[in-house]
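Asker: need a 3D model of the sequence below.
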Amino acid sequence: MSASPAAALVNDYLLSFLLGVIEGLTEFLPVSSTAHLRIAEALFGVNLADGYWKMYSIVIQLGAILSLPFYFRQRIAGFVADFPRGARGDRNWLTHPLGLTLIAFACTAVPSLLSTRLIGKHLESLRLMAWALIVGGIVMWAVDAWAARRAARTERMDDMGPGQAVWIGLCQVMAAVFPGVSRSMATIAAGQTAGMTRIAALEFSFFLSIPTMAAATGYDFVKSLRAGSGAGEAHLGSFAMDAHGWMVLGIGFVVSFLVALGSVAWFMRWVRTRGFVPFAVYRIASGILVLAWVWRSGS
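Answerer: Reported below is the predicted structural model:
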């Protein structure tokens, strides 16, 4: 674990706590956790090229992801129990919610794997993240306003069809290619344009994120474990962890899990009665601020 300029200003444990809060708050809200974590790391002066902090970002993201199966444990148990016929007995392997989740995941995974080089190229660009925040906010605002004037034909996630799953999975690729788009924003907006209610689109977004984020995080983690061979890259396998490094990592993981759990519960309640406009406004405002900061700092 290498020292960062932030170490002189912020205790490593406090820094890990703050980064865990940011990851937990933003992982499932439609504001882009990747952009917020990268921006926070840059503000705190963390060396983004350092292998420890790359691995740290992956691990605290895993903490946030694990909050979903915990929060939806009863819903998941119900889906597993009635697979493939469904609760009403009118579903099959392709139309059961678990089958639809896997269809959408496949539609994301294949194009994302083919775009791996493009994803790596864009991952650290704050300028691109800022523009993605702004454009994504405008799209989210427009889609939410458009959907509010139309009668949704799919009230519940259980009533979705394969076509809707394919569309949402393909739209999710945008979040993989352009950090700052937000996986949640892309899937929720895609669900609304496919005729789903806000709550149905949000719930499917959460379920789809479980295999998607687990696969993405696992892929990044395996890459980090490859020692030594990358030109100029730092790998987890190339350095030894001491007790301090494990403690910093553990704080970020636990804080991220707990904050994400609370964030998911709050977001589900919010969407039942309110729309996404506040998140769209926040995205646009934060994107403009990041652009101004990048311009002034010459980054």
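
Asker: low pLDDT regions in this structure?
Answerer: Applying pLDDT under 70 to the chain picks out residues 1-10, 48-49, 117-124, 226-240, 298-299.

Asker: need the longest helix for it.
Answerer: Among the segments of the chain that qualify as a helix by DSSP state H, the longest is helix 243-273.

Asker: report the buried residues of that helix.
Answerer: For helix 243-273, the neighbour count (16 or more other CB atoms under 10 Å) marks 245, 248-249, 251-261, 263-264, 267-268, 270-271 as buried. Heads up, the C-betas are built off the backbone N, CA and C, glycines and all.

Asker: with stretch 280-299 instead?
Answerer: 280, 283, 284, 286, 287, 290, 291, 294.

Asker: and if you look at stretch 205-223?
Answerer: Of the residues in stretch 205-223, 205-214, 216-217, 220, 223 count as buried by neighbour count, 16+ other CB under 10 Å.

Asker: just send those back as CSV, with secondary structure too.
Answerer: Shown next, in CSV, are those (DSSP: H, G, I helix; E, B strand; the rest coil):
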residue, secondary structure
205, helix
206, helix
207, helix
208, helix
209, helix
210, helix
211, helix
212, helix
213, helix
214, helix
216, helix
217, helix
220, helix
223, helix
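
Asker: now, which of these sits nearest residue 55?
Answerer: Using CB to CB, residue 220 comes nearest to residue 55 of these, at 8.7 Å.

Asker: mind telling me what element the residue nearest to that closest one when sequence neighbours are not counted is part of?
Answerer: Sequence neighbours aside, residue 58 is the residue nearest to residue 220 in space, at 4.9 Å (criterion: CB to CB, 6 or more residues apart in numbering). Using DSSP states H and E, the element containing residue 58 is helix 51-71.

Asker: specify the angle between that helix and helix 243-273 in degrees.
Answerer: On the basis of axes from the mean of the first three to the mean of the last three CA atoms, to 10 degrees, helix 51-71 is oriented at 40 degrees to helix 243-273.

Asker: measure stretch 167-186 end to end?
Answerer: 11 Å (CA to CA, to the nearest Å).

Asker: swap that for stretch 190-197, please
Answerer: Using CA to CA, the distance between the terminal residues of stretch 190-197 is 11 Å.

Asker: what residues does it touch?
Answerer: Residues from elsewhere that reach stretch 190-197 (CB atoms under 8 Å, 6 or more residues apart in numbering): 143-144, 146-147, 150, 152-157, 160, 163-164, 167-168, 170-172, 198, 200-202, 204-205.

Asker: what does stretch 30-44 give?
Answerer: 4, 6, 9-10, 15, 18-19, 22-23, 26-27, 48, 53, 57, 61, 64, 123-124, 126, 129-130, 132-133, 136, 140, 175, 179-182, 184-185, 188, 276, 279, 282-283, 286, 290, 299.

Asker: what's around residue 190, how many residues?
Answerer: Residue 190 has 23 neighbours, counted by other CB atoms under 10 Å.

Asker: distance check, the residue lying closest to residue 68 once chain neighbours are set aside against residue 292.
Answerer: Using CB to CB, 6+ apart and skipping residues adjacent in sequence, the residue nearest residue 68 is residue 210, 5.3 Å away. Per CB to CB, to the nearest Å, residue 210 is found 36 Å from residue 292.

Asker: tell me where the stretch 1-150 of the chain has helices.
Answerer: Taking DSSP state H, counting those that start in this stretch as the test, the helices found in the stretch 1-150 of the chain are 12-26, 33-43, 51-71, 73-82, 97-114, 116-122, 126-148.

Asker: including distance to residue 90, could these go into JSON lines?
Answerer: Below are the helices of the stretch 1-150 of the chain laid out as JSON lines (distance: least, CB to CB, whole Å):
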{"stretch": "helix 12-26", "distance to residue 90": "37"}
{"stretch": "helix 33-43", "distance to residue 90": "36"}
{"stretch": "helix 51-71", "distance to residue 90": "26"}
{"stretch": "helix 73-82", "distance to residue 90": "11"}
{"stretch": "helix 97-114", "distance to residue 90": "12"}
{"stretch": "helix 116-122", "distance to residue 90": "39"}
{"stretch": "helix 126-148", "distance to residue 90": "26"}
